[in-house]
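Trainee: Just the structure for this:
(one chain, ligands or ions: 2)
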Amino acid sequence: MQPVIVRIQREPEAEGLPLPEYATPGAVGLDLYAALPENEEVIIRPGERRLISTGLRIAIPSGFEGQVRARSGLALNYGIGLVNAPGTIDADFRGVLKVLLINWGEMPFTVRRGERIAQLVISPVTKAVLEETPTLDATQRGDGGFGSTGICCRPGTVNTT
Ligand SMILES: O=c1ccn([C@H]2C[C@H](O)[C@@H](COP(=O)(O)OP(=O)(O)OP(=O)(O)O)O2)c(=O)[nH]1
Ligand SMILES: [Mg+2]
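Mentor: Numbering: from 1, shown residues only. Ligands and ions are numbered 1, 2, ... in the order given. Below you'll find the model as predicted:
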């Protein structure tokens, strides 16, 4: 796999923090660090959402996108997710990358400087060219969706519980 170069710039708030990094050689997400001031913590109460800065600006090359994804450990242990999961980082975005956390759990969750709050996946994307047409080709699925093949079970079986 040929790595793609993503240029990154730190704001003063991110000085002293590690750059986002892959936790293991096979990891696909770069862990993102909260760039809160040293003496400031953010408490997210159950049901609340908070925007946390990474203090970083990045330039994703054209043909790629960034996806901000939740960390499953925070989700499992504290109910912490992303309101806009996954967050979309456009290739032309040059603002400060931020993470929109939400507390789906039962306990207040505290975010402190330097904590790994989410992960950034860089993915290739394709651009669509829309062609308007009066008819579309027929398919086996047709208009079916939203559980048309069966809600929970093997296709064609009925959930009786
Ligand atoms: O979790 C996120 C999601 C987005 N962004 C930044 C990068 C992205 O390129 C920009 C716009 O995001 P999006 O297109 O999802 O939001 P929008 O509501 O459509 O805003 P806009 O009108 O600016 O596109 O905001 C973040 O920093 N974090
Ligand atoms: Mg947008």
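
Trainee: which stretches of the chain form strands?
Mentor: Counting by DSSP state E, the chain has strands at residues 7-10, 21-22, 30-33, 42-44, 49-53, 56-59, 64-69, 80-82, 87-89, 98-103, 109-111, 116-124.

Trainee: Tell me which strands the longest one pairs with, and in which orientation.
Mentor: Pointing back at strand 116-124 there. Here strand 116-124 is paired, per DSSP bridges, with strand 30-33 (antiparallel), strand 64-69 (antiparallel).

Trainee: neighbours of Ser53, just the number please.
Mentor: Around Ser53 there are 16 other residues, counting by other Cβ atoms under 10 Å. To be clear about C-beta, it is placed using only N, CA and C from the backbone, and glycine gets the same treatment.

Trainee: That one touches Val96, doesn't it?
Mentor: Yes. Taking Cβ atoms under 8 Å as the definition, Ser53 is a contact partner of Val96 at 5.7 Å.

Trainee: What separation do you get for Val129 and Thr139?
Mentor: 21 Å (Cβ to Cβ, to the nearest Å).
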